[in-house]
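[1] sequence and predicted structure, then a few things I'm wondering about:
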Amino acid sequence: MERTSKSAIAKSDGTFIIDYVKVAEPQADEVLVKMKAAGLCHTDYDSLNWGKSIVLGHEGAGIVEAIGTKVKNVVVGDHIILNWATPCRTCFQCTRGNEHICENNSPVVAGSNGYTNGHAHLDGTTYQGKPIERSFNIGTLSEYTLVKASAVVKNPNNNMSFAAASIISCGVMTGFGSVVNTAKVTAGSSVVVLGTGGVGLSVIQGAKVSEATKIIAIDINAGRLEMALKFGATDTILAEKDDKGLLLAAKKVKKMTQNRGADYAFECTAVPELGAAPLAMIRNAGTAVQVSGIEQEITVDMNLFEWDKVYINPLYGGCNPEKDFPKIVAHYNAGNLKLEEMITQTYELDDLEQAFTDMLSGKNAKGVILF
């Protein structure tokens with residue numbers, strides 16, 4: 001039975017509308033999900049300028065409405081968390097444990113045929129009689145979404161709010177995973193976090209779970225720094241807007257770390273000019289991690305690399321959804337991760353414009369659309 005689904009649709013010109021799409025029944029390896037919540041991040045806003053019509057959204061949680069004949073990982077009625085890293089499990093990267101950068105299915109890795117391979121069947125979602133792509137192959141800002149079975153992970157905690165579950169889908173996974181999977185932060189270490197929005201708060205929590213002893217949060221927003229302390233930061237630095245490359249903040253970091261620099265620094269601002277900033281924060285042989293996905297060309301002073309420093313640009317926190325999502329839920333169950341507390345405000349789909357405005361103004365750590 002084809003379903004009508006109220007959705008947020010990018011118009012390819014930098015704007016969006018709220019309208020209705022048609023969603024088909026799942027084919028053999030597909031799952032139809034009734035959306036209950038969708039987290040918002042800057043990538044959703046950026047996707048308005050991708051130059052094509054798409055169903056918006058790439059974070060979400062919901063309930064399985066229907067499944068295809070070959071689906072084994074979920075059943076109708078399961079509470080699920082969506083992910084956009086849909087591995088093929090046979091390519092070069094997948095067989096080496098890098099399922100998040102699958103060479104066949106990834107919607108973001110260059111050369112991957114992600115739309116064809118990772119997306120539900122071409123006419124699974126249609127708008128005004130024509131097929132329409134779903135953002136990151138999942139398009140969560142919609143009452144229903146049709147996805148590959150590999151895009152859904154059963155939530156082991158049915159009592160978790162859908163809002164909290166939805167932000168695990170990308171923002172929390174990206175930040176927490178960058179700490180635990182990519183940098184592999186060690187107990188007793190020092191960590192700097194540049195930017196304390198949703199991803200930055202997830203980095204802070206990952207560092208706390210990893211038993212880092214000094215977690216320094218840096219932001220230009222004093223209110224966000226207050227929140228960072230509640231999520232596990234031990235120290236804060238209120239940066240100045242005109243501090244180029246955060247070099248003045250870096251001097252403060254060194255004073256707080258025995259004039260050496262931190263063991264790890266994570267850039268979570270999405271500001272291209274700050275792409276190299278974590279290098280200024282770390283000690284020799286320290287690790288800088290560019291979490292926010294900066295893709296613009298930047299200029300890097302190679303003196304910042306002296307000496308033996310490592311710079312990593314991970315995707316999706318090295319995510320293996322089937323393994324990592326349950327681990328994150330387990331930390332939540334144990335009280336080690338604050339998720340509801342990260343959600344500043346919830347909205348209805350019709351209020352998406354206001355939700356974007358609040359996000360862009362820095363009002364929200366995390367905004368969530370509830371269905």
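    In hand now; what should we look at? Residues are numbered from 1 along each chain as shown.

[2] what residue spans form the domains of this protein?
    Annotated domains of the chain cover 3-154+339-370, 175-315 [automatic domain parsing].

[3] now Leu122. Nearest residue, chain neighbours left out?
    Counting by Cβ to Cβ, 6 or more residues apart in numbering, Leu122 lies nearest to Pro131, which is 5.1 Å off, once chain neighbours are set aside. C-betas here are computed from N, CA, C, even on glycine.

[4] same check, this time on Asp235
    Going by Cβ to Cβ, 6+ apart, Asp235 has Ile216 as its nearest residue, at 4.6 Å.

[5] element containing the one you found?
    strand 214-219 (DSSP states H and E).

[6] likewise for Thr269?
    Using DSSP H and E, Thr269 falls outside every helix and strand.

[7] how many other residues sit next to it?
    By other Cβ atoms under 10 Å, the residues close to Thr269 number 26.

[8] now distance to Ala163 and mean pLDDT too, for the domains of the chain, in CSV please.
    CSV is the format used below for these (distance: least, Cβ to Cβ, whole Å; pLDDT from 0 to 100):
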stretch, distance to Ala163, mean pLDDT
domain 3-154+339-370, 5, 94
domain 175-315, 12, 96
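
[9] so Val193 is in contact with Val203, correct?
    Yes: between Val193 and Val203 a contact is recorded at 5.0 Å, counting by Cβ atoms under 8 Å.

[10] please enumerate the shared neighbours of those two.
    Phe266, Cys268 (Cβ atoms under 8 Å, 6 or more residues apart in numbering).

[11] related to what we said a few turns ago, the strand holding Ile216 pairs with which strands?
    Strand pairing for strand 214-219, determined by DSSP bridges: strand 190-194 (parallel), strand 235-238 (parallel).

[12] neighbouring contacts of it?
    189-196, 200, 204, 207-208, 225, 228-229, 232-239, 246, 249, 253, 256-257, 262.

[13] helices along the protein, start to end?
    42-46, 114-118, 162-167, 173-177, 198-209, 222-230, 247-256, 277-281, 321-333, 352-360 (DSSP state H).

[14] mind checking how far Lys366 is from Asn181?
    The gap separating Lys366 from Asn181 is 21 Å, by Cβ to Cβ, to the nearest Å.

[15] which one of the two has more residues nearby?
    Lys366 (28 against 20).

[16] so what's the more buried one closest to, chain neighbours aside?
    Gly198 is the one closest to Lys366 (Cβ to Cβ, 6+ apart), at 4.1 Å.

[17] is it true that the one you found touches Ile167?
    Yes: using Cβ under 8 Å, Gly198 is in contact with Ile167, at 6.7 Å.

[18] touching both of the two, which residues are there?
    In contact with both Gly198 and Ile167: Gly39, Met342, Lys366, using Cβ under 8 Å, 6+ apart.

[19] which of these sits closest to Asn336?
    Met342 (13.6 Å; Cβ to Cβ).

[20] my guess is the closest one contacts Lys366. True?
    Yes: if you go by Cβ under 8 Å, Met342 and Lys366 touch, sitting 4.9 Å apart.

[21] intersection of neighbour lists for the two?
    Ile167, Gly198.

[22] for the residue nearest to Leu122, list the residues it contacts.
    Leu122, Asp123, Gly124, Thr125 are the contacts of Pro131 under Cβ under 8 Å, 6+ apart.

[23] and with 7 Å instead?
    Leu122, Asp123, Thr125 (Cβ atoms under 7 Å, 6 or more residues apart in numbering).

[24] roughly how far does it sit from His119?
    From Pro131 over to His119 (counting by Cβ to Cβ), the distance is 10 Å.

[25] ditto for Ile343
    29 Å.

[26] out of the helices of the chain, which is closest to Thr15?
    Closest among the helices of the chain, using Cβ to Cβ: helix 352-360, at 9.7 Å.

[27] any idea how far that closest one is from the chain center?
    17 Å (Cα atoms, centre = their mean, to the nearest Å).

[28] stretch 262-271 too?
    15 Å.

[29] repeat for stretch 95-102
    On Cα atoms, centre = their mean, the centre of stretch 95-102 falls 17 Å from the chain's centre.
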